[in-house]
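K.L.:
Below is the sequence, then the predicted model.
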Amino acid sequence: MAEDALVRDILIVAYKLALLTFYIGVLVYALPIPVRSVKRWAPILLWDAILAALVSLLFFTLVDISNEIAALLGGSWAFFTQWRDTAISVLMLGKTIILAVMAVLSRIGYWGYAKFLVSPLDKAIDTGLFTVFWIAAVAYFVKKFGLILAAIGSALYAVPFRITRSAGAVLLSFFLVANAGFQVMPAFMSAVAEAPGRPDPGKLERYGLAVASIEVVDYRGQGVSGQLLMSLQGVEGPVALVEVVGGLAMDPVMGTVTAVPSKASTYYHIVIDGVYFRLYPYPVNPSDYDVDENGIWHVKLSNSNMVWIDDYIVFFTNASIASIEEEGNTTIITVYSPASVGYASIRYPDSCALSVQWAATNVSLRRWAWAGISGLEERASFTGTLTVEVTVYSCDGVNPDFRKRSYLGWAADLGSFTDLHLVAAYMLYYVTVPVIYMFLMLSATASLARLLGGRGRIPVKV
């Protein structure tokens, strides 16, 4: 890469400057001038040359040590990027809600009251956005150009007579400290303060809600994907439409957890390829949830008449599943309907390449369309035992376009947003602690620069 080549070229210049410093030191030793103010530079130049040469030769080792320290403390650039994006998203969401509230109240003549109520929080969010963007800009500069600046610092560090030694020590120290510091910053933040705007299980109870992790599995206990519908008795329509990915419900507001009623029964269905499956237990009562040590509820929902084979390839029946065998990419399913006529169906998207072998002759075909994808359904009616063999060759590019609405999730998020201590929480997490952390990094930079001898200056008189 061009950047690596540039860094190596600068390091070669730094090493040659170190050699020049060494030769000047030897020359000063050999000068037949018995002037103390001149001769005292000889050992100083020799020591500076050795130290500068070591810095240029061990430059990449120092960078690796900086990265290793960050990893040992639980940091990484990916972790920092995630923290930065989440912080900006939370702050922008708060800003959006404030603007919406002020716009609505101003239309009905309550502008003055709205401004009085939300002004402190609005200013806290603005300050938080400024701080986060400022930190993100510095971190981007360090990640993008820090290595080159550190190499320039090593070259300045090697200039004879310590003319630019302080500047070189500061540049090199700043990169080594900031490179590790920004990676560790999210771990430090989570250890010192809690991010505001996250629903607190203890506080949601007053809204009749709880935070829950919801799993959805098939007959074999394998996680499925689809759209989860959450409804309440006596309430028209679903109160949440959540995407299920790999067996875990993903709330559009709260992420890997979702808000559920804490005092009422909930009726769950999952939709896969346009087919609605009832999930059991049905309904789910508050007592059906397990609770972990963090107060997060958990429930595993299943349907014993459904088999998830691959990406949106689903087998279902109204009969009993007798056995399932897997051989490589082939799945053999045997179903049993002793008394009445049963049916067995398999639905798969058009983009999937597979073969379906039925131990039946009355197999019907029909088209289906759902959530922006389309495919084929094969269905057979039978009495007694039926076996179907499904071999999947490939199944790529299946991305349903779900309508995701989580009214309970929005209520939970708004409930945490309107907490009385939210202004203090925003100021602490997005302003106070990050600014303190930046000053700690600057202090560590100054200490390391001083350790490298960055205070040396050429005397005025010789």
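P.N.:
Ah, there it is.
K.L.:
looking at this, G295 is in a helix?
P.N.:
No: counting by DSSP: H, G, I helix; E, B strand; the rest coil, G295 falls outside a helix, being coil.
K.L.:
what about it, how many neighbours?
P.N.:
Residues near G295, counting by other CB atoms under 10 Å, number 13. Bear in mind the C-beta positions are built from the backbone N, C-alpha and C, glycine included.
K.L.:
what do you get for A158?
P.N.:
By other CB under 10 Å, neighbour count at A158 equals 28.
K.L.:
what's the answer for A187, then?
P.N.:
A187, neighbours per other CB under 10 Å, totals 17.
K.L.:
tell me which element it falls in.
P.N.:
Using DSSP states H and E, A187 sits within helix 165-192.
K.L.:
If we go by neighbour counts, what in that helix is buried?
P.N.:
Burial within helix 165-192, assessed by neighbour count using 16 or more other CB atoms under 10 Å, is assigned to 165-189.
K.L.:
same thing with stretch 299-315?
P.N.:
Neighbour-count burial for stretch 299-315 [16+ other CB under 10 Å]: 299-303, 305-315.
K.L.:
now stretch 119-130
P.N.:
L121, D122, A124, I125, T127, G128, L129.
K.L.:
what's the answer for stretch 149-156, then?
P.N.:
L149, A150, A151, I152, G153, S154, A155, L156.
K.L.:
Take the buried residues of stretch 119-130 and keep only those in helices.
P.N.:
L121, D122, A124, I125, T127, G128, L129 (DSSP state H).
K.L.:
Name the nearest residue to the second one, sequence neighbours excluded.
P.N.:
This points to D122. I98 (5.2 Å; CB to CB, 6 or more residues apart in numbering).
K.L.:
secondary structure element for that neighbour?
P.N.:
Counting by DSSP H and E, I98 is part of helix 77-107.
K.L.:
re earlier: on contacts alone, who are the packing partners of the helix holding A187?
P.N.:
helix 59-72, helix 77-107, helix 111-157, helix 433-451 (3 or more CB pairs under 8 Å, 6 or more residues apart in numbering; DSSP states H and E).
K.L.:
Go through those helices and pick out the most buried.
P.N.:
Comparing these on average neighbours per residue, with mean count of other CB atoms under 10 Å, the densest one is helix 111-157 at a mean of 18.
K.L.:
Now do the closest residue to Y429 other than its chain neighbours against A187, distance only.
P.N.:
The shortest distance from Y429 to any non-neighbouring residue, by CB to CB, 6+ apart, is to A193 (4.7 Å). Plainly put, A193 is 12 Å away from A187 if you go by CB to CB, to the nearest Å.
K.L.:
Tell me where the stretch 151-300 of the chain has helices.
P.N.:
165-192, 201-204 (DSSP state H, counting those that start in this stretch).
K.L.:
Go through those helices and find the least confident stretch.
P.N.:
If those are sorted by mean pLDDT, helix 201-204 sits at the bottom with a mean of 59.
K.L.:
Let me see the contact set for G168.
P.N.:
I152, G153, S154, A155, L156, Y157, A158, V159, G454 (CB atoms under 8 Å, 6 or more residues apart in numbering).
K.L.:
How confident is the prediction for the closest residue to the fourth one other than its chain neighbours, by pLDDT?
P.N.:
Excluding the flanking residues, the one nearest A155 by CB to CB, 6+ apart is A14, at 4.0 Å. You'll see A14 listed with a pLDDT of 92.
K.L.:
report the angle between the axes of the helix or strand encompassing A14 and helix 165-192?
P.N.:
Element membership for A14 (DSSP H and E) is helix 2-30. Taking axes from the mean of the first three to the mean of the last three CA atoms, to 10 degrees, one finds helix 2-30 and helix 165-192 inclined to each other by 130 degrees.
K.L.:
just checking, what packs against the longest strand seen in the chain?
P.N.:
Ranked by number of residues, the top strand in the chain under DSSP state E is strand 373-395. Applying 3+ CB pairs under 8 Å, 6+ apart, one finds that strand 373-395 contacts strand 306-310, strand 313-317, strand 330-349, strand 352-358, strand 363-370.
K.L.:
Output these as JSON lines; include the columns distance to F22 and mean pLDDT.
P.N.:
Shown next, in JSON lines, are the helices and strands packed on strand 373-395 (distance: least, CB to CB, whole Å; pLDDT from 0 to 100):
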{"stretch": "strand 306-310", "distance to F22": "67", "mean pLDDT": "90"}
{"stretch": "strand 313-317", "distance to F22": "71", "mean pLDDT": "94"}
{"stretch": "strand 330-349", "distance to F22": "71", "mean pLDDT": "89"}
{"stretch": "strand 352-358", "distance to F22": "69", "mean pLDDT": "91"}
{"stretch": "strand 363-370", "distance to F22": "75", "mean pLDDT": "92"}
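K.L.:
Can you report how many residues neighbour S364?
P.N.:
Neighbours around S364, by other CB under 10 Å: 11.
K.L.:
That one and I346 touch, don't they?
P.N.:
No: S364 is beyond contact range of I346, at 11.8 Å (criterion: CB atoms under 8 Å).
K.L.:
quick one: common contacting residues for those two?
P.N.:
E378.
K.L.:
Okay, now the unreliable bits of the stretch 251-400 of the chain?
P.N.:
253 (pLDDT under 70).
K.L.:
again, 80 this time
P.N.:
251-255, 293-295, 338-340, 360-361, 396-397 (pLDDT under 80).
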